[in-house]
Every structure is written in structure tokens, then in C-alpha cells.
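S.K.: Any chance you could fold what I've pasted below:
(chains A and B)
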Amino acid sequence: MQTDSYTETYKRLIRTRTKILFPLILITVISYFSFIWVIAFNPKFFGTLIVGTKISIGILLGFFLILLIFLITFTYVYLVNKKIEPLIKQIQKNV
Amino acid sequence: MYKLFFLLGVLFPSILMASTSEPKQNYMAIIMFILFVGVTLFITYWASKRTQTASGFYTAGGNITGLQNGLAISGDFMSAASFLGISGLVYLSGFDGLIYSIGFLIGWPIILLLIAEPLRNLGKYSFADVVSFRLEQKPIRILAACGSLSTVILYLIAQMVGAGKLIEILFGLPYYSAVTIVGTLMISYVTFGGMLATTWVQIIKAVLLLFGATIIAFLVLYQFQFNIDQFFSEAVNTHDKGESIMAPGGLISDPISAISLGLALMFGTAGLPHILMRFFTVSDAVEARKSVVYATGFIGYFYILTFIIGFGAIVLVSNNPEYLNNSGTLIGNNNMAAIHLSHAVGGDILLGFISAVAFATILAVVSGLTLAGASAISHDLYANVFLKGLSDEKKEMKISKIATISLGILAIFLGIIFEKQNVAFMVGLAFAIAATTNFPILLLSIYWKNLTTKGAVIGGSTGLILVILLVILGPVVWVDIFNNDEAIFYYKYPALFSMTVTFFGIWFFSIMDKSKSSIAEKKLFKGQYFRSQTGIGIEKSSNH
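M.R.: Below is the predicted model:
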């Protein structure tokens, strides 16, 4: 009986992790490669200055990307600690 | 006791060398340098008593906390090359520096999302532990050790050459003595203090560097009353290239190169052995996760600082004759932008501090590299291939120390040989190898049930050979170093091609593998995956 209870939890763990992982990986890959893509195909666009300043769109987006990268790692750890860690604890107890 | 004498024996000649160097010396720098060396050697002495066991030596006993490990990891990334190199690149061409910064940072979510926790849950001392978890030890360990050692040695050469040149300029020391001092100190840290000393040296340096870079950036922005727009306008007005420094320049010119460089940076980080090794120093997956968030935060913050520093140097250094040669270029080279800027905004005191920190940075980074290389030799090759896992711990420790000393001497030697060579490509090649060989075998061993020994070995080694060949035949080596007219392989960055070959090779030879052993390997996947996800079955590493 016990085995059943923890395989159920384990399955839930894998499902939850996939749900957390998939969008975050997608965001990481898409945001980075679109950044690189613009640099390769349309560098002038990144050179466009934001109206009224001498700051270019590329630099602003670059800074945002750095922030985004941090937020991705932060979100992941937050979600895993909240949703997956309890499941792991539960499995560890039952094994 | 003999250790203490040895360490003091390292300390005094270094001090002597530093203080008897040429007239252009900076006392603040020398005092800071001596202080740093003194403190770190003391830590090494303290650590030497705690690193008698293999777990102590390779993983600091697994007792490093998430925050400490985050600092140590960020320290590995905030090398002198990235501090001075990226700020120098920003100084030279503005925006392009950001492409590198972001490239180095983007690897971190990948490590966190895909690698960090399974790595901690499956491995003990090296990433080869994970790959060989259910595959055949011998061929896998040899492949992983080849991948690790080539990454580590390339990285080491780049760091040593950079170190020698930097110290030559900063302290007026001759190149040979600079390289020798770095090599000797690094050997002492690692041989006597193992991972514990290496980690603490890295932590101290990371804090010093973050502090120093923050001060420079603060003082720069202070001059503009923190008006970012005015700061950038001033830079645009000062720089020869004008407004084009705000846009991508010539770093990436075609889409293939863009993707190829992007792939190497994105996945290379997750295949760097000295980075991966750090995940075994924390107690469990929870701490491993935490350390990546800290590391990403520190590294991201640091890159923003280097960007401000690079632009600051455009405004405050590029038109100040004090820092220029007769030809109008920076004294030293572009990589000295941050150093000159520290003097421009903070005088001799800040210059001294930053110089000493740059030196500390080199020491800390090469120590981590050497330790990773030594563990590939002693743990993977010696203990698990040569002795088939039957070695006793004492013997393995002895070999790891011999390996450390040999690698250190090799690094000094190669540092001297490559003095006059352009070594900038070596870090890029190290990343390409890591992305092509180490990362795919690690990733697939964790997540792909059908991976077999044959697939991993054929795919991984083909990729490794291919990536080295493509770099040699490419523009960076074939044209720039061998002085041929035209490159045989057109692209500068090979990762797109070599990674494709590796993944295809691993996939193809794994699914074609119908041997008995491969069926057994596939059967082991379920248990391995369970352990990688839950951490059930891992040794509590503090039990030594």
C-alpha cells in the first residue's frame, strides 16, 4: 500500500516539475535567441535611441534581459521550494 | 608543521618579488596583495587539517552553504578576464560588451533548470560520476576526463597568460616571475587546502571584487549625479565611434555565427567542470538550487557594473593623456580600461585596491580550475579507470595532490610558452568543447532513457575531435595565428555544427546499440531518474 502512495506522489512530482520547467526553459531560450537574432539580422534596430535620450533600445533590452535571467532563476527556486519540495519530503518519508 | 613552513616559504618570496619590482610600483597594491596572500595562505593552513579525506579534498566535506557556494560560483565567473576583458570590450565598442555579458549569464538558468539538482543527487565528486551512474565506468570516465581536462587546460592557459601580462603591467614584475608566483600560490592552495581553501579563496575574492567594482561604478555615476542619460550622452560624444557604440558592432555578423556563439555560451557553462564541481560542495539539492540564484544575482549585478565601468572609462579615461600612449591608445591595452578608471575616480588607493583584487581574482580562478583538472585525473582516471574503483582513499588523495602539482607546473610552463600568442580564443574554445562534449553527455545521461555507453562515447568523442578541428581550421587559428590567407572552415564559432554532430551521434549510436549491456543500462534508468528527482539514496556528505 505504501508503495502505491509514494509512486502516486512521485508521478505528481514529475508532472509538477515539468509544468514549472517547460515555460521557464521556453522563456530562457526564446528571449536569448531573439536577442541574438536581432543582433545578427537587424542591429540597427537595437541602435535606435529612445526618444529624448541617448540610451538605445538595445542597451535597455540588454539590461532587461539580465534582470529577466535573474527572475527566471528566482521564480524557479521559489516554485520548486513551494510546490515540489513538500512532495519530495513526503516521498522521502514513505520510502 | 611542514605545511606551515612550506606555506610561509611561498609567502616570503612572493612578497620579496612584489616589493623589489620596478619603480612604477604602487604601495597600496603591494600591501593589499601581501595581505590577501597572507590571509589566504592562513586559510589554506586551517583548511589543510580539514581536508584529509577525499570528500574534504574534492568537496569541502559537502558543508558549504547555498550563499557561500553562490559567491564561490560567481567568483569563478568573475575572472580577471571577464572583469577586465568585458569592461575593455565595452570601452572599445560599447554595446558589444553586453552581448558577451548576457551570453555568460544565460547559461545559469540552463544549469539551474536542467542540471543542478540531478547533478547533486547523482554525483559525488565530479560530473563523470553522474554520466557513469548507469553506463560503463571505463570508457565514460575516460571521455569525461578528456572533456574536462581539455576545457580546464585551455581555460588555464588563457588565465595564466592574462595573469602574467596583467601582473607585469600592474606590479612591474617580469612575466616569468608573475606566472611562476601565480602557479606556486595556486599549487599551495589546492594541494594543502583542497576544495575548502579553494572555495574560501574564491568567496573572499568575489566579495572584494564586487565591492571594488561597486565603488568604481558608484564614483563614476556620482560624477554625473546618477543621471544615466547624461552619462551615456557624454560617452557617445567622447567616443570616436559616436552613436554606434549604442548599437551592436562587428562582433556577430551573420545568423549562423549568432546561433553558434549563442549555443556555445548558453550550454557551455553547463559543461564547465570547475563550475559543475561546485555543486558537490553543498549538502543537498535545496542548497544547490539556492546557490544558482545567488550566483546569477551576483554575476548579473557584476556585469551591469562592468558595463558602467566600460562606459565610465570612455568618458573619464579615453581623453585623459595620463592614461594614453603617444599613439593615443590606452597604456597597457584596452583590457586596462577598468584599472585606469579606478585611478581616475579613486586615485592611488583605489588603483592599488583594484590591482590587488585583479590579482586575487586570477589566483582564485586558476585554483578552482586546477582542482577540477586534478579531480578528473585522480578520481576519474586513476581511481575509477586505472584501479577500477578499488583504490583506497589515501592513495587517491595522494594521486590528486600529485596531479595538482603536475597541472600547476604544466600551467606555468604553458603560460610561458604561450606568452606571445593570442589566447583570447581559448576561452571560447573551452566553452565550445564544454557545450559540445560535456554538456550533451551529462544532459542525456540524466534525462534520456535510451542513452547507452556506445552512443555517449562515439557521439561525445566525435564532437570533441570535431570542435577542436573546426577551431584550428577556422579563422581564429588558421588565419590569425598560422597566418594562412583563408580559413578552411569559414565560421569563427563551431558549436552549432559540433553540437549537432554530438547529439546526432549519441542518438544514432544509442538507438542502434542492441547489446546486452545496453539493455541493462536502459533498465537502470528508472531508478536513476527517481534518485535524481528526489535525492533518495544520496550519501550525507558530512559523515566523514
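S.K.: Compute the number of surrounding residues for B:G123.
M.R.: When neighbours are counted by other Cβ atoms under 10 Å in any protein chain shown, B:G123 registers 23. Placement of C-beta: from N, CA and C, glycine included.
S.K.: Cross-check the contact I'm expecting between it and B:V130.
M.R.: Yes: counting by Cβ atoms under 8 Å, B:G123 touches B:V130, with 4.4 Å between them.
S.K.: Excluding residues flanking it in the chain, which one is nearest the closest residue to chain B within chain A?
M.R.: When distances are taken as Cβ to the nearest Cβ, chain A reaches nearest to chain B at A:G47, 2.6 Å away. Distances taken as Cβ to Cβ, 6 or more residues apart in numbering or on different chains put B:A247 closest to A:G47, at 2.6 Å, once the chain neighbours are dropped.
S.K.: And B:V182, by the same measure?
M.R.: B:A163 (4.9 Å).
S.K.: Does the one you found lie in a helix or a strand, and which?
M.R.: Assessed by DSSP states H and E, B:A163 sits inside helix B:137-171.
S.K.: Can you list the residue ranges for helices in the stretch 51-200 of chain B?
M.R.: B:54-59, B:66-77, B:80-93, B:96-110, B:117-122, B:127-131, B:137-171, B:175-222 (DSSP state H, counting those that start in this stretch).
S.K.: With mean pLDDT and mean neighbour count as added columns, please give those helices in a markdown table.
M.R.: Formatted as a markdown table, the helices of the stretch 51-200 of chain B follow (pLDDT from 0 to 100; neighbours: other Cβ atoms under 10 Å in any protein chain shown):
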| stretch | mean pLDDT | mean neighbour count |
| --- | --- | --- |
| helix B:54-59 | 88 | 26 |
| helix B:66-77 | 94 | 25 |
| helix B:80-93 | 87 | 25 |
| helix B:96-110 | 91 | 25 |
| helix B:117-122 | 93 | 25 |
| helix B:127-131 | 92 | 28 |
| helix B:137-171 | 90 | 24 |
| helix B:175-222 | 93 | 23 |
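S.K.: could those go into CSV alongside distance to B:F33?
M.R.: Output for the helices of the stretch 51-200 of chain B, formatted as CSV (distance: least, Cβ to Cβ, whole Å):
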stretch, distance to B:F33
helix B:54-59, 27
helix B:66-77, 18
helix B:80-93, 14
helix B:96-110, 27
helix B:117-122, 36
helix B:127-131, 34
helix B:137-171, 7
helix B:175-222, 10
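S.K.: residues in the stretch 301-450 of chain B within reach of chain A, list them.
M.R.: When proximity is defined as Cβ under 8 Å from any Cβ of the partner chain, the stretch 301-450 of chain B approaches chain A at B:303-304.
S.K.: cutoff 6 Å now
M.R.: Residues of the stretch 301-450 of chain B found near chain A (Cβ under 6 Å from any Cβ of the partner chain): none.
S.K.: Chain A against chain B: which residues are in contact?
M.R.: For chain A, the residues in contact with chain B (Cβ under 6 Å from any Cβ) are A:21, A:24-25, A:28, A:32, A:36, A:39-40, A:43, A:46-47, A:53-56, A:58, A:62, A:65-66, A:69-70, A:72-74, A:76-77, A:88, A:91-92, A:95.
S.K.: Out of those residues, which sit inside strands?
M.R.: Per DSSP state E, strands hold no members of the residues of chain A next to chain B.
S.K.: Please indicate which of those are buried?
M.R.: A:24-25, A:28, A:32, A:36, A:39-40, A:43, A:46-47, A:54-56, A:58, A:62, A:65-66, A:69-70, A:72-73, A:76-77, A:88, A:91 (16 or more other Cβ atoms under 10 Å in any protein chain shown).
S.K.: got the contact list for the residue of chain A closest to chain B?
M.R.: Residues near A:G47 by Cβ atoms under 6 Å, 6 or more residues apart in numbering or on different chains: A:56, B:246-247.
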